[in-house]
Every structure is written in C-alpha cells, then in structure tokens.
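1. I would like to see how this sequence folds:
(one chain, ligands or ions: 1)
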Amino acid sequence: MTQTKEALLLLEDGTAYRGTALGMEGTKGGEICFNTGMTGYQEIYTDPSYFGQIIVNTNSHIGNYGVQLEVEEESDSVKISGMVCNTFSTIYSRHTADYSLQEYFERAKIIGISNVDTRHLVRHVRQKGVMNAIISSEILDAKELMDELHKVPSMEGLELSSVVSTKTPYYVGDETESRWRIAVLDYGIKKSILHNLTLRGCYCKVFPAQTPFEEIMAWNPDGFFISNGPGDPAAMAYASNDVKKMVDTQKPLFGICLGHQLLALASGISTYKMHHGHRGLNHPVKNLITGLCEVTSQNHGFAVNPEEIQGHADVEVTHVNLNDKTIEGIRRKDRPAFSVQYHPEASPGPHDSRYLFDEFAKLLAEA
Ligand SMILES: NC(=O)CC[C@H](N)C(=O)O
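-> Next up, the predicted model:
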C-alpha cells in the first residue's frame, strides 16, 4: 500500500513541513524530540517515557523490518503522540514480523508524517531547543493548525506518570526461586527493566504510581526500584517524598532515568529542563568510580542540577556524559541507593551498562 495523503507538521515557532500521512489519519500534538537510534523503533514507540511526545526518527528508513508483537514491546500499547520520519516503508522483510508498522500504527491510532527532511528538522530543534508541534492530515492550513497546536500543554510542569502507570499492583518473577522481594514503583516502567531485575533473582511487586508508602512497606520488600517515566520530575512531589522515605529505610534502592531524577529530588537536588535532551543509542558516559567509558542508550529531556551536587553532604556524582558533561549517575554516600540517567536495560541499545543491575544485586546481597 502506497501512502499518498498529504500531511502537515507544524512547530510552535511557525516552522512547517509538508509530507505524507502515515498511520491513522487525524490531528495530534505533543513535544517534538528526536531519537538518533539506527534501530529499535518499536521499543521506542512503546516506551511509556515517550508519552506526550512526537518522535522524529533520524534513521532514514523506518518500518522496513515491520513489528513483532510482545517481543519488542516495552509496554502494552504504543505510547508516543506521533512520529516523523524521512522514508516510511509499508513493505517489511523479516520472517518473525507480525505485520507492518503502518498496520501497527493504524491499530494503535497513531498519527505520523513521512517524506520530511529530518536532517533539516533535527538541526532546527537542536538550534532552537525543544518545543511543541502538531501533525495533521485533516488541517492543512498552517494558521488553522496553529490554533490546535496552542491547545497542547507544555512538558514543563506536566505530571504524566499517573496516566501511564499500572492501575493495580502485579507481580513479576518466581517467588519461590527468587532471592529478593523488590518493590517496583511504576512511573511508566519498561518491560525489559523488569526482565533484567528478575534475571538477577528479584521477585518484583509492581506498584501503581500513587501507592501510599505504608502500603508498599506492608509487603515487606528487601529493596526498591524506581522506574523511568514520562513528564517533568519536578511536578511529582508525591513520588519524591516517597522516594525519600524509601531511602531512609536504608534498604537498597536503584533508580533509572525518571527514577534517577526522583532520587536527586528526594535528596534535595533540583532538576531542570534541558535544551533538547538526549535520545539515542550512542551517548558516551564515563563511570567516575572505575574510569571506564560506556556507550549508552538514552531518552530524557530533564536532568539533575550539577551545582547542587557539588559539595553535597550525602550525594556524589558517579557518571558523567562525555558529550556535554551533564550528570549521568549519582549515589548516596550514607545509604545503599544509586541511580543513572540513562538506560542500562538498553532496549534498544548497546549492553555496556547492564552491570548496573548486577551492582543492585550486590547491594541486596550485602544488605
Ligand atoms: N526515560 C525517562 O525516564 C525520562 C524521564 C523524564 N521524563 C525526562 O524526560 O527527562
């Protein structure tokens, strides 16, 4: 099936791109951000951390290996608000694929646009910074579409975890064969993180985002895992207050991405919105403890404030980004708690950082 319907991508600053509609027809806005990964589009689209965002894939061919249900899904549905790419392929070749990305998007009611000069678009976002955008295959007049775009909320100050989090607790892993009971706080968790925890002997109880701390403690966990997720961490006082209480139990705690930002907030360190964030599979990070470099998978638009860590009594920086020196990992000096801004589960991405799950297991064994 060839895509022929025209679509319009409009940015908050008035920049417009005309292209071809893909997925479902309609109109949808979100924060526009780009992912430079060469592969792993299905994992990206189903990662709940991307909720509310329009993803620009810089890889020039998207869709050419179709989709594989379950195996490559990081949650139970497609979470992105929209997708932008250069060449969109409705033809796919992979014998394990279930169907095309076009069909996947149609079923998930996702709106996208192809035949966009993504190099130009990404340079523009890199220079001007992250902003809201809207895709439409129904409103092709930029002025009219701008009125719709103005209705899209700003990502700054937005709490989205409670929208994507599980509504009821559930268990992952084998209770009898596991060594530890881990309370997992689901702020938008990816399945591959749970998989990495269970592989290391964790029996996980996954709690909804706003679960009262007492209810979590009533399960008597051996440690805590604070998940990734969408939105602005500074708008989640309910979560950072609870993370503080978890840290104070002195039980091992590990946080990834949003979970890292929440550990910082719980330790009295603020977060800020980045110029255009980090999203890709090749971000170089230096581990300051070992001196080794890791190539990491990343997806974040907020970061931890470096000035407030300097000289902090209880927190130290463990990892830095070698591109821009932003904070990539912290640990508490007084508690068995640590976190990273990037994605050691690496789905998609290189596996350099999976040792962090082993370090969590080590803390649990020591406790
Ligand atoms: N992957 C994540 O957990 C993202 C965290 C946060 N929403 C950010 O954009 O920085």
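2. only C-alpha atoms for contact and neighbour calcs from this point on.
-> OK.
3. three-state assignment of the residue nearest the centre of the chain?
-> Closest to where the C-alpha atoms of the chain average out (Cα atoms, centre = their mean) is Ser49, at 3.2 Å. Put simply, Ser49 is helix when judged by DSSP: H, G, I helix; E, B strand; the rest coil.
4. That one reaches Asn228, doesn't it?
-> Yes: contact criterion Cα atoms under 8 Å: Ser49 and Asn228 qualify, at 6.5 Å.
5. thinking again about what came up before, residues touching the residue nearest to the centre of the chain, list them.
-> 188-189, 228-231, 299 (Cα atoms under 8 Å, 6 or more residues apart in numbering).
6. Ala235 too?
-> Contacts of Ala235 (Cα under 8 Å, 6+ apart): 157-159.
7. Let me have those residues in TSV, extended by neighbour count, pLDDT and distance to Phe224.
-> Shown next, in TSV, are the contacts of Ala235 (neighbours: other Cα atoms under 10 Å; pLDDT from 0 to 100; distance: Cα to Cα, whole Å):
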residue	neighbour count	pLDDT	distance to Phe224
Gly157	14	97	26
Leu158	16	98	25
Glu159	17	98	21
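8. just checking, Phe34 touches Asn59?
-> No: the criterion here is Cα under 8 Å, and Phe34 misses it with Asn59 at 10.1 Å.
9. higher neighbour count, those two?
-> Regarding Phe34 and Asn59, a neighbour count based on other Cα atoms under 10 Å identifies Phe34 as having more, with 26 against 17.
10. For that one, give the beta-bridge partners.
-> Phe34 forms beta bridges with Val56, as assigned by DSSP bridges.
11. and it, how far is that from Asp242?
-> 32 Å (Cα to Cα, to the nearest Å).
12. longest single strand anywhere in the protein?
-> Counting by DSSP state E, the longest strand found in the chain is strand 271-287.
13. The ligand contacts on the stretch 1-150 of the chain?
-> Within the stretch 1-150 of the chain, the positions near the ligand by Cα under 6 Å from any ligand atom are Ser49.
14. run the last query once more with 8 Å
-> Residues of the stretch 1-150 of the chain lying close to the ligand by Cα under 8 Å from any ligand atom are 48-50.
15. can you check the stretch 151-300 of the chain too?
-> 188, 227-233, 256-259, 261, 273, 277, 298-300.
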